[in-house]
Structures are given as C-alpha cells and as structure tokens.
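Participant: Whatever this is, show me its structure:
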Amino acid sequence: MRKNAPLITLAFAAISSLSAARADEGMWTLNVFPSDRVKAAYGFAPDQAWLDHVRLSSLRLARGCSAAFVSPQGLVQTNHHCAQGCISQLSTATEDLVARGFYAAEAKDERKCANTEVNQLIAITDVTSRVTEAIAGKSGKVLADAKKAINATITRECSEGNAAIRCDVVELYHGGIYNLYRYRRYQDVRLVFAPEMAIAFFGGDPDNFEFPRYDLDVTYLRVYADDRQLDSSANYLRYAKADARPGDLTFTSGHPGRTDRLQTVADLEFQRDVTLPRGLFQDSELRGILTEFSATGAERARIAKSQLFGIENSLKARKGRFEALVDPAIIKARAVSEAALRAKVDADPQLHEQYGPAWDNVRGALAEYRGMRDRHDYTDQGFRSRLFGLAKTLVRRATEVTKPDETRLGEFTSANYPSLRQGVLSEAPIYPELEKLTMTFAFTKLREVLGPDDAFVRKVLGKETPEALAAALIDGTGLADVKLRRSLLEADEATIAASTDPMIVFARRLNPDMRAVRRAYEDDIGARLTKSYGEIANAMFKIYGTATYPDATFTLRISYGSVKGYRQDGRDVFPVTNFGGAFARATGADPFRLPDSWIAAQNSLDMAQSFNIATDNDIIGGNSGSPVIDKAGEVVGLIFDGNIQSLGGDYGYDGAENRAVAVAVGALRQALARIYRADRIVEELGR
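Facilitator: Have a look, this model is predicted:
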C-alpha cells in the first residue's frame, strides 16, 4: 500500500473558512444534507422530495451492511458478502450455495434467512435537549446511569411496544447532537438470488481493497410482511437504463459504520499503538488456524469459509488503517488542527473554563484504559463461540428483565428485544467442530494475555486445558436445540439458576466477573470519555458551527461525487473495467477462476460492458451494499469495496486517491439475463 497523502478532517481543520474543504467530502445525514454544495459543484440540487424518496428506498441490514429496495415487490439489492451469513446458513454438505450460487426460479423457492433484519428509516427527530438535560452536571457512574436511562426511556416511548418499530438514540458529533432514528423493522427476509463465490469475490484476498476489480458482488433478498411479498411500490430505486460514465454525478445512500475523523490526537495514538497492532496479531493467528482447519477437508473448508472470509477482510482493513496512522502526516495534521481549536478555546476565558481541560482529560482516561484494556477485552466476551454467546444472553436476560427498562444493560431493553429474540431463536446451523476450534483459541489467548495465575483465568479454566474445556462444554450443551433456547428465553431467574446445562452453568459462574469489568469501564473510562468528547463537541460548535458532517455511526448517510480515476505509483487508473478484462484476468485457478456459468456464456456477453466502476464518493465500512444512484434517483451501481487508499478514510478523506468501488448496473442486468437466465428478476427490475 502506498502511503496516504495528508488527510485533514474538515471539522477540526485549522481553517479560515470551512468551505475550503473538498466539495465531494462528506457522509451527510439526510436532515442536514448540503444540497447547495452539490449544486455549486454539479449543477443539481437534491430537493426534499428527492431526499425523502432515497431515504425510504434505502435500507440497513441490522447486523452490518447497507441495501435498497429495487422493485415494487420488496426486492432488496445488497452485496454477496453482506448476505453470506444467510447463504452459508442455508447451505449443507450436499448443497453448498456459497460455492455454486442460488436462484429461486419461483416465489415459492425463496428461502428464509434465519438471522437477517432489515431496517427502513422512517423518521429522524432531534432529542438533544432531552439527553443533555438528563446528563447535565453529572460524571462517572451517575452520568453513565443517567444516559442509559434517558436513552431507554426515549426508545421505549418511540417504539410503543411495537416489535415492527425499531428506535435508536444516535449520538452525533460525540455528544454535540442526539437524534432519534425511527425504523420499520423487517425480520422475514428471504434469499432470491446469489452468484457463485468465485465471481462474487473474484480475485480473492489479493484483489480485496484494490482496483481495477471484476466482481459481481451482489445478492437479491426479498422482504415479506404477513407471509406476503412486501408492497414497496411507494419507494424503491429503479435501475437506470444506461451505465454511469467518467465524470457523471453519483450519490451513495448507505450506512457507514464508524469513522474517527473527529477523534483527538490522543485517541488516534491509542489506536496506532494499542488497538490496531493487537487486533492485527490476533487476526493473523486466527486466520492461520482457520486456514489449517479448512485444509483438512472439503466440509471443514465449507463451514469455515464465512468466518475465514470475515477474518481476512478484517485483517486487510486493519492493516490499511494501521499503515495510515503509522504515516506521521495524519496525526501531525490532526495535531495542528487540534491545537488551533484549543487556542481559540483558551483565548476566551469562559470557553477555557468550560472546555479547556477536555483534551487532557481524554488523554488521561485513555492512559488509564491502557492498563485495563486487556482485562476489559478478554473478560466480558463471547469466547468466539455462538453457543457461549447464547448462554450468556439467556443468563443475563433472566436477570435484566426483572429490572426497570431504564436500568437494564442496553441490549436487553424492551426496544431491543425483537433483535435479541431473533438472534437467540435463529435456526442457523451451529458446527461443533468449528465451535471447539475457535473457543479453544479464545481460551488460549485469555490465558496468554492475562496469565495462568490470574483469578479470572483460573475461574474459566480450572484444571482443564483450553482444548478439553471447549470440547466438554460444546459436547455437553443442548443449546444447539432451538426449542430449548426458546424455553430458556422466557425463563425466570430461578429456572436459569436451576439449569444443569454445562454451558449455562459456565456462563452463570462467569457472569458476575464479566459484568463487573463491563460496569467498571462504562462507569469510569467510558463516562469520562463521553463527558470530555461532549465538551470538545460543544466547543467546536461554538467556534465553527455545524457546517460539517458528524463521524459515521452506522446510520443513513448520503455522499456525492462522480465516476473518477486517480493516479497510483505514477500511472493513471481508469475508473471503469469491463467484462473483457475479467476474462483476460482469469487464470482458471482460484482466486482468479471464473465460474463455469461465465465460461459457458462467454460468447453471449458484450465484452465492452462496464463491469466495476470507481467513484470519489466518500464511503467506509458499512457502506457495503449501498446503491450508487444518479440525479434521477436511479441505480447506476452497487458499492462493494473501496481501493486500498480508502482505508485511511477512517481518519480523513483524500479526494485525490480515495475511491469507492461498485458493480455497474449494466453488468448486473447482463449477468442476470445472459449468464444466470434469472428471467423473473430481470422482469421485476424492469428492462
């Protein structure tokens, strides 16, 4: 990866004018979208009707991706890698849908995804005054409890006990603004079409976060309501008839997960020195273990494929972020802009008294957290086991449900119960061999990091080896049975306390220690960071106003830009690839092997058809599955990746190099029609 150019975040830039930032930078919330900036740059100003239509057509996959309605019958477009959990859960040893693909030729053939939730944003309401009044003047445990209570109250009032409504209080600008996001929640989601993994991830890990690309990274799902295809005719995104060309205006509408563009220098240094290196080491070890496991048989390779894909993707993304922060330019630029803001605060006695210590308080809290981070990370965890995660949830829910909503752990509030219930009762298969492997790894790392004489490590392992304990727990538990989980989900504390299931017993024994560590973090370090960042945000608003966008929060954002190339290693990179390039790149061996379906259809394909496109839309992880749309509000592409330079986008945007990568709409149409003969989808998408 070549080093990133200096990235200066708009909000903290030491600037004489906020308008000096690049016009195309920004992941904008829909209630403060800068239509005037778009008009100045491209001659088109999205109006409120356009924004509302895009909002209601855009979707969030609640467990980590973006999507959109693309037909009147609830058809949903997203990425293959976003739906891979569903695809792999529907696969078996004799029917590997990940490898061979899937197409439901008739509606009755569409298969339900066991653990997929789709969210449609229907309203945004400002609740800043309610939250800030509730936490004003508080600190430490009192602040943490007050914030949890007001969030639970607001979300409960919003959802009104309706499981079809999801409500989230979203903290923007690190506590400068709080918005309430109200969603329609859909949990009956079915698989309609997925291509073979070989073309959805053509080029594999070597091509991941690179360009040029040749991927058909798409999956079509469908939302059902009352066992019928959802009527989405009021709001969906039509497919454009023509592909976007270089220079064309493009928008992305999706859910970027998290950025750190408003973080302090201390926070970036902590990520560079602690968080990212440790994550890289652990991902690398786990990748090796999963790779070795996969090499011992075809079935093992199949059941580990989804997890291995996720680890490899995470590893490459972490490497990119780490290299971005190791390059001194980013932190130096942040230090300059931070110093400029602090100087403005210090120049005003009232601002200095209110906000002057905030930056030092962040640094102090992180310094203390460095000493407890390992215990926090390795104590309150799921031991990389779905079965243990289920046991911990069941044990905690029995206790939490006896408390008022305002005092529960956040995931157990009444507003969050529908998602929790779906996860607990999911019929997705659990593979004991894989569970033993990853749980053994987690136990081994726990002992390695905290030490064999640590009280919690002794409580976990006793006299057992990690391998023996993992095997005993997984072989002994009955929690793979959905019926048992259903009975325990509604059980009271006495029933959970009386359970002899070994995994429940194990989770019950560890729960007090796990909760204590979580509480210690939330009441001390977390509360201090919340308070300090809120003060920094307030100072920023008073000096610079709200002319910039907030850090990403896995909420709906729109970015704008154009199809655009860039320079890399002294050469120009053209922003469009074509089908012919895919066949030229293919070697016949993984990861550059085209599926048999593509080879068979080669003569019927237009080799000049655009395949993947690069745009300078500002995106980050979580945007996967975002539609790329034109000014008519029609789909011209499907975001699935960024280039390697974009990995520095967590910390800032560099318009010269950062690129989003998407499947061109013409490639989607032609593949469906000529390769897969998916006539039902082609007809539904419109010609």
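Participant: I figured residue 637 hits residue 664, correct?
Facilitator: Yes - the criterion here is Cβ atoms under 8 Å, and residue 637 meets it with residue 664 at 5.6 Å. In this view, the C-beta of every residue, glycine as well, is placed from N, C-alpha and C.
Participant: Quick one: the helices in the stretch 51-200 of the chain, in order.
Facilitator: 80-89, 97-100, 128-135, 140-159, 197-200 (DSSP state H, counting those that start in this stretch).
Participant: So what's the gap between the longest one and the chain middle?
Facilitator: Pointing back at helix 140-159 there. 24 Å (Cα atoms, centre = their mean, to the nearest Å).
Participant: go on, the third one?
Facilitator: With Cα atoms, centre = their mean as the basis, the distance from the averaged C-alpha position of helix 128-135 to the chain average is 28 Å.
Participant: And residue 30, what's its pLDDT?
Facilitator: Per-residue pLDDT puts residue 30 at 93.
Participant: Check the burial of it by counting its neighbours.
Facilitator: 19 (other Cβ atoms under 10 Å).
Participant: Point out where the stretch 501-650 of the chain drops to low pLDDT.
Facilitator: When residues are selected by pLDDT under 70, those of the stretch 501-650 of the chain lie in 546.
Participant: One more pass at 80, please.
Facilitator: The model of the stretch 501-650 of the chain has pLDDT under 80 over residues 545-547.
Participant: mind listing the helices for it?
Facilitator: Going by DSSP H, counting those that start in this stretch, the stretch 501-650 of the chain shows helices at 502-520, 527-544, 579-585, 596-601.
Participant: Make a markdown table from those helices and add mean neighbour count and distance to residue 178 to it.
Facilitator: Formatted as a markdown table, these follow (neighbours: other Cβ atoms under 10 Å; distance: least, Cβ to Cβ, whole Å):
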| stretch | mean neighbour count | distance to residue 178 |
| --- | --- | --- |
| helix 502-520 | 18 | 23 |
| helix 527-544 | 20 | 10 |
| helix 579-585 | 17 | 46 |
| helix 596-601 | 16 | 49 |
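Participant: With distance to residue 443 added, can I get the ones you listed in CSV?
Facilitator: Output for those, formatted as CSV (distance: least, Cβ to Cβ, whole Å):
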stretch, distance to residue 443
helix 502-520, 11
helix 527-544, 30
helix 579-585, 43
helix 596-601, 42
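Participant: Residue 618: which of those is closest?
Facilitator: Residue 618 lies closest, by Cβ to Cβ, to one member of these: helix 527-544, at 19.2 Å.
Participant: Which neighbouring elements make contact with the closest one?
Facilitator: helix 140-159, helix 328-346, helix 349-355, helix 358-379 (3 or more Cβ pairs under 8 Å, 6 or more residues apart in numbering; DSSP states H and E).
Participant: which parts of the third one are buried?
Facilitator: Pointing back at helix 349-355 there. For helix 349-355, the neighbour count (16 or more other Cβ atoms under 10 Å) marks 351, 355 as buried.
Participant: Which strands or helices does that helix pack on?
Facilitator: Looks like helix 349-355 contacts helix 328-346, helix 527-544 (3+ Cβ pairs under 8 Å, 6+ apart).
Participant: one step back: closest one to residue 128 among the helices of the stretch 501-650 of the chain?
Facilitator: helix 527-544 (10.8 Å).
Participant: With only the CA atoms kept, save stretch 339-346 in CSV.
Facilitator: The C-alpha coordinates for stretch 339-346 follow below in CSV (Å, rounded to 0.1, in the frame of the first residue of the first chain):
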residue,chain,number,x,y,z
ALA,A,339,-4.0,23.0,18.6
ALA,A,340,-5.8,25.6,16.6
LEU,A,341,-9.2,24.8,18.2
ARG,A,342,-7.6,24.7,21.6
ALA,A,343,-6.0,28.1,21.1
LYS,A,344,-9.4,29.5,20.2
VAL,A,345,-10.9,28.0,23.4
ASP,A,346,-8.0,29.2,25.5
